[in-house]
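In: next input, structure requested:
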Amino acid sequence: MMFLAQHEPKMRYMKISSGHLKDWIMLDVARRQGIPIILSTGMATMQEIVTAVEKCQPEVIMHCVSAYPTAFEDANLKAITRLKRSYTHRTIGYSDHTMSIFIPAAAVAMGAKVIEKHVTFDQHWPGPDHHMSLTIKEFDLMVKGIRNVDLALSGDAALTTRPACEDTVKAIVEERRKHAHD
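Out: The predicted structure follows:
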């Protein structure tokens, strides 16, 4: 007797790595699967990114620098702004290979909505990226930092209203001003 699972596992997204960005046949096949695509853009020029996006129609475009690890001066977070301007109807993310828990938070401040970061249980394991991956504790700190930056980005950019947290100080200042002219 054979039992079939009632719910087959379903991929929520298909990630296409930077190394496959110029594999036009694979991009076309991936698009036809009907699974939302996350496309990494390491090692690609803007024209190559444009062509890849046309081929696979990704839901998420990840700015990426394919260096393990990536030096801070090579991270080029300004590219996130360019991708946001060029692809206003797509989600822009950042695939980070720096040795930092702070650079992903900076990417969020630049507009990234998805963050990819390597994690390992042991940075001494063999392999190409364990040495530059975060530990679980570092990953937790990174996520908390990203959430704090995201909170700090909320508010009224036009300054038509002020945050309620200023009410106490505002009342003290107004009281001092009132008594200063007495």
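In: so for stretch 136-150, what gets flagged as buried?
Out: When burial is assessed from 16 or more other CB atoms under 10 Å, stretch 136-150 yields the following buried residues: Glu138, Phe139, Met142, Val143, Gly145, Ile146, Val149. Quick note: C-beta positions are derived from backbone N, CA and C, even for glycine.
In: which residues of this protein score low on pLDDT?
Out: Low-confidence segments of the chain, defined by pLDDT under 70, are located at 1-9, 182.
In: residues in contact with the residue nearest to Asp74 when sequence neighbours are not counted?
Out: For Asp74, the nearest residue in space outside its immediate sequence neighbours is Val65; the separation is 5.6 Å by CB to CB, 6 or more residues apart in numbering. Under the criterion of CB atoms under 8 Å, 6 or more residues apart in numbering, the neighbours of Val65 are Gly42, Asp74, Ala75, Asn76, His97.
In: from Glu166, how far out is Val65?
Out: As defined by CB to CB, to the nearest Å, Val65 lies at a distance of 40 Å from Glu166.
In: break down the chain into its helices, ranges please.
Out: 24-31, 46-56, 78-86, 103-110, 136-152, 167-180 (DSSP state H).
In: what sits up against the second one?
Out: Under the criterion CB under 8 Å, 6+ apart, residues 16, 21-22, 24, 27-28, 30-31, 37, 39, 41, 44, 58, 61, 82-83, 86-87, 90 lie in contact with helix 46-56.
In: that one: how far from the chain's middle?
Out: Its chain's C-alpha centre and that of helix 46-56 lie 19 Å apart, by CA atoms, centre = their mean, to the nearest Å.
In: between helix 24-31 and it, find me the angle.
Out: Angle between the axes of helix 46-56 and helix 24-31 is 50 degrees (criterion: axes from the mean of the first three to the mean of the last three CA atoms, to 10 degrees).
In: just the buried residues of helix 46-56, please?
Out: Using 16+ other CB under 10 Å, the residues of helix 46-56 that count as buried are Ile49, Thr51, Ala52, Val53, Lys55, Cys56.
In: ok and it relative to helix 78-86, angle-wise?
Out: Relative orientation of helix 46-56 versus helix 78-86 (the same axes, to 10 degrees): 50 degrees.
In: repeat that for the fourth one.
Out: Orientation note: helix 103-110 sits at an angle of 30 degrees relative to helix 78-86 (the same axes, to 10 degrees).
In: can you tell me what sits against helix 103-110?
Out: Helix 103-110 is contacted by residues 63, 72, 75, 77-78, 80-81, 94, 96, 112, 115, 117, 142, 145-146, 148-150, 153 when judged by CB under 8 Å, 6+ apart.
In: rewinding a little: among the contacts of helix 46-56, name the buried ones.
Out: Burial by neighbour count, 16+ other CB under 10 Å: within those this picks out 16, 21, 27, 30-31, 37, 39, 41, 44, 58, 61, 83, 87, 90.
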